[in-house]
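Enquirer: next one to model:
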Amino acid sequence: MGSDHITAAAMAIGTRTQILPIDPTKLGHFSDRSTESGMPLEDWDLTLDGTTQDGKDLQLAASNLKHSDIPVAFPTETVYGLGADATRSAAVKGIYKAKQRPSDNPLIVHIASLKQLRRLISVPNSSSDIDPIPQIYHPLIRRFWPGPITIILPVPEDSKLAPEVTAGLRTFGARMPRDLLALALIKTADVPVAAPSANASTKPSPTAAEHVRYDLDGRIEWIVDGGPCDVGVESTVVDGLNSPPAVLRPGGIGIDLIRTVPGWEDTVVGYHDVSMKGDAAPRAPGMKYRHYSPKAPVMLVEATGGKQPSSSDLARQLGSSGSVGLVRTKKWKRMGDGAAKGEVAGEVASLESTPKGAGTSASPLEAMLQETSRHKKQLHAEEVIIGHGGKPFTVWDMCIGPDTASVARGLFSALRELDRKDVDAIIVEGIDDEEGDIAAAVMNRLRKAAEVKLEQL
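Expert: This is a model prediction of the structure:
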């Protein structure tokens, strides 16, 4: 991309942000060049078909990512990310500006291959026989990469990373996303990509391209659209540099599954379900600031002892008039007349289960190419008019369950949909965070979003 195009892109901010729908299966030929080490995606190639619109759009997005100081939004398996070249300060500053994100909140670096990660963290003049990736992480990488888990690494001497990425810390987080379009974008740009979630700071994370544009329209130029995200909550952040290892942020891989990995049996919880206070520097993204919050106040009803609110409960919360959003997960019924029409049991799935293709002869690239079906179901709020004491009020009812995978996938989307309905309050049915899957991550996000936490209304 030439300098004239970059200048034009910079001038474009303030106009409508453009969405680029791209089908990764139409980009060209993917080939895995990994060795016999058992480590995933040591290196790989993409022979890009630049004659297709998908290929041209990927080249456009990658060129902006590599050369522009305006960040590019792109999909991952967790949530949409807002990416910039992690080695250029001006580009990384563009992320903080677009999101209006506090500068002491560190960023996660996304890589497309282990070769790219090693190139980033290698110490000059060090022995080529020594792997710069700490050994403690090798079994974790073999098990979960590419996937929703971020590892904490030491910042090397003479680091190529822009200082804004680490927010003054001596460590940084890195991960390899399990999304073919994200990997293709990073590979084509040929730069490590710093990327937080692509939402305005404090708002719910985006799980669709439309969510990104709702928050950042006019602040960025391009959104790469790969469809709805599969997981729906951010990656798990783990620190293996200290003993015992710790989970700093719950996410797409649960702590019980992490403890089954050799060397990680004694992993401890290193986070709290409330935001950090004071001037302490957060060790990982999402630890310090209020996050995941819609405009309307959120009331979280904990799963333990929390009965479904009645119409009188809702009326008491609303007063004489107004509307309320009701987010149901596993047990609550539709307000008024039982189960909503069209509600069926979702797949009984855990996001902690082994990713498709893992443990088989298929390479991660082949497995991702085979995973052509995304969760295209769109969530919609159903209007229910409730009469109480002669004064009707509106309940916008949303069911995002009944299994934990569906709850995780639909949580942020539901909060955003109810914001669009301009409800006066949102009441959420909590789930049991002792279920052994990503329920802990879901409840962590909800407790940070909630202004009121209740055993019952």
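Enquirer: just confirm G252 is within a helix.
Expert: No - under DSSP: H, G, I helix; E, B strand; the rest coil, G252 sits outside any helix and is assigned coil.
Enquirer: so for it, what pLDDT did the model give?
Expert: If you check G252, the pLDDT there is 92.
Enquirer: element containing A200?
Expert: A200 is located outside every helix and strand, with elements delineated by DSSP states H and E.
Enquirer: what's the answer for R142, then?
Expert: R142 belongs to helix 138-144 when assigned by DSSP H and E.
Enquirer: which residue ranges of the stretch 1-150 of the chain form helices?
Expert: Ranges of helices within the stretch 1-150 of the chain are 3-12, 53-67, 89-99, 114-121, 138-144, based on DSSP state H, counting those that start in this stretch.
Enquirer: and the longest one, what's its mean pLDDT?
Expert: Mean per-residue pLDDT for helix 53-67: 98.
Enquirer: so what touches it?
Expert: Here helix 53-67 makes contact (CB atoms under 8 Å, 6 or more residues apart in numbering) with 1, 6, 9, 20-24, 26-28, 48-50, 70, 72, 74, 83-85, 184-185, 188-191, 193, 221-222, 224. For the C-beta atoms, the positions are set from N, CA and C on the backbone; glycine is no exception.
Enquirer: quick revisit: list the buried ones in the helix holding R142?
Expert: Within helix 138-144, the residues that qualify as buried are 138, 140-141, 143-144, counting by 16 or more other CB atoms under 10 Å.
Enquirer: any of the contacts of helix 53-67 buried? List them.
Expert: Neighbour counting with 16+ other CB under 10 Å marks 6, 9, 20, 22-24, 27-28, 48, 70, 72, 74, 83-85, 184-185, 188-189, 191, 193, 221-222, 224 as buried within those.
Enquirer: dump the longest helix seen in the chain to PDB, keeping only the CA atoms.
Expert: Longest among the helix segments of the chain by residue count, using DSSP state H, is helix 404-420. Extracted C-alpha coordinates of helix 404-420, given in PDB (Å, rounded to 0.1, in the frame of the first residue of the first chain):
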ATOM      1  CA  THR A 404     -23.200 -23.500  28.700                       C
ATOM      2  CA  ALA A 405     -21.700 -23.300  25.300                       C
ATOM      3  CA  SER A 406     -24.800 -21.500  24.000                       C
ATOM      4  CA  VAL A 407     -24.900 -19.200  27.000                       C
ATOM      5  CA  ALA A 408     -21.300 -18.200  26.400                       C
ATOM      6  CA  ARG A 409     -21.800 -17.700  22.700                       C
ATOM      7  CA  GLY A 410     -24.900 -15.600  23.200                       C
ATOM      8  CA  LEU A 411     -24.200 -13.500  26.300                       C
ATOM      9  CA  PHE A 412     -22.600 -10.400  24.800                       C
ATOM     10  CA  SER A 413     -24.900 -10.400  21.800                       C
ATOM     11  CA  ALA A 414     -27.900 -10.500  24.200                       C
ATOM     12  CA  LEU A 415     -26.700  -7.600  26.300                       C
ATOM     13  CA  ARG A 416     -26.200  -5.600  23.100                       C
ATOM     14  CA  GLU A 417     -29.600  -6.500  21.700                       C
ATOM     15  CA  LEU A 418     -31.300  -5.300  24.900                       C
ATOM     16  CA  ASP A 419     -29.300  -2.100  24.800                       C
ATOM     17  CA  ARG A 420     -30.800  -1.400  21.300                       C
END
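Enquirer: and T394, that's in a helix?
Expert: No - counting by three-state DSSP, T394 is not found in a helix; it is strand.
Enquirer: quick check: closest non-adjacent residue to it.
Expert: Leaving aside its sequence neighbours, T394 sits nearest to S323 (CB to CB, 6 or more residues apart in numbering; 3.9 Å).
Enquirer: wait, the one you found sits on D424?
Expert: Yes - using CB atoms under 8 Å, S323 is in contact with D424, at 5.9 Å.
Enquirer: could you check the pLDDT of the residue lying closest to R175 once chain neighbours are set aside?
Expert: Distance criterion CB to CB, 6+ apart; nearest residue to R175, sequence neighbours excluded, is T150 at 4.2 Å. Looking at T150, its pLDDT stands at 98.
Enquirer: for T150, list each beta-bridge partner.
Expert: Here T150 sits in beta bridges with V237, going by DSSP bridges.
Enquirer: quick one: it from L58, how far?
Expert: Distance of T150 to L58, given as CB to CB, to the nearest Å: 24 Å.
Enquirer: just W332 next, same as before
Expert: For W332, the distance to L58 - CB to CB - is 43 Å.
Enquirer: give me the element L257 is part of.
Expert: Counting by DSSP H and E, L257 is found in helix 255-258.
Enquirer: buried residues in that helix, which are they?
Expert: Going by neighbour count (16+ other CB under 10 Å), the buried part of helix 255-258 is 255, 257-258.
Enquirer: what packs against the helix holding R142?
Expert: Judged by 3 or more CB pairs under 8 Å, 6 or more residues apart in numbering; DSSP states H and E, helix 138-144 is in contact with strand 149-154.
Enquirer: so after the strand it packs on, what's the next helix or strand?
Expert: helix 163-166.
Enquirer: and that following helix, average pLDDT?
Expert: Averaging pLDDT along helix 163-166 gives 96.
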